[in-house]
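> Quick one: sequence plus predicted model below, questions after.
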Amino acid sequence: EEEDDDDDDGADEDGEPSFELPAEAVEFKGDPGDRKAVLAHKRWVESEMARLTRERNAWLKEKAKKEAEKRAAEAAVRKRREREEAEHERQMEYFDKELAKVAVRAEPLGLDRHHGRYWWDVASQRGQVWVEDTEGAWASLTSFTDVQTLQDALDARGVRERALLAELAP
């Protein structure tokens, strides 16, 4: 004996409950000659149908209300996210403007044969060439003579020092 997959919970696969009277409840099972019983059953069926219609309307109204609340919550989240993104964008523009006021070199001028890095315009100190050795120690070349001595010591045959000489050239 094969049974349907339908559960008797009164709801279909979309979660909507059934608002219909079962066929066996609609059918009058008493004596068809008993007019009082037939009319009473007919009134009961009509009242049950009206009750089920009210319940369905209330369920649809509640469903619509929940969907509206869900859409409103999603809209609120979307608006909050948009405000946060706009605020972040304003902050980034502000930081970019402030950063533009302070010249910061993100890349060194070049490297020497010992992989020492040479920097110009570190922390807006334009009158110096800064040298960072491989251990992270810093020194500065503050005079034109110091820079000239550095240029004389660099070997243009090396790839790194040739690029550094090109950057240091007036």
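That came through, no problem. Residues are numbered from 1 along each chain as shown.
> Tell me where the protein is predicted with low confidence.
The model of the chain has pLDDT under 70 over residues 1-14, 99-100, 102-106, 122-126.
> List the buried residues for the longest strand seen in it?
What stands out as the longest strand in the chain, according to DSSP state E, is strand 125-132. Using 16 or more other C-beta atoms under 10 Å as the test for burial, strand 125-132 gives 128-132. Glycine gets a C-beta too; all of them are placed from N, C-alpha and C.
> How is the residue nearest to the spatial centre of the chain classified with respect to secondary structure?
Closest residue to the average C-alpha location of the chain: residue 81 at 8.0 Å, with C-alpha atoms, centre = their mean. Residue 81 carries the three-state label helix when classified by DSSP: H, G, I helix; E, B strand; the rest coil.
> Residue 61 versus that one, what's the distance?
Noted for residue 81: a distance of 30 Å to residue 61, by C-beta to C-beta, to the nearest Å.
> now swap in residue 109 and tell me
From residue 109 to residue 61 the distance is 73 Å (C-beta to C-beta).
> ok, which stretches of this structure are helices?
In the chain, the helices defined using DSSP state H lie at 23-26, 35-101, 144-153, 159-168.
> what residue of this structure is the furthest out?
Farthest-out residue of the chain from its mean C-alpha position, per C-alpha atoms, centre = their mean: residue 33, at 71.4 Å.
> want to try TSV for the buried residues of strand 125-132, with distance to residue 17 as columns?
Below are the buried residues of strand 125-132 laid out as TSV (distance: C-beta to C-beta, whole Å):
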residue	distance to residue 17
128	80
129	81
130	77
131	80
132	74
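> which one of these sits closest to residue 74?
Here the nearest of those to residue 74, counting by C-beta to C-beta, is residue 132; it sits at 51.8 Å.
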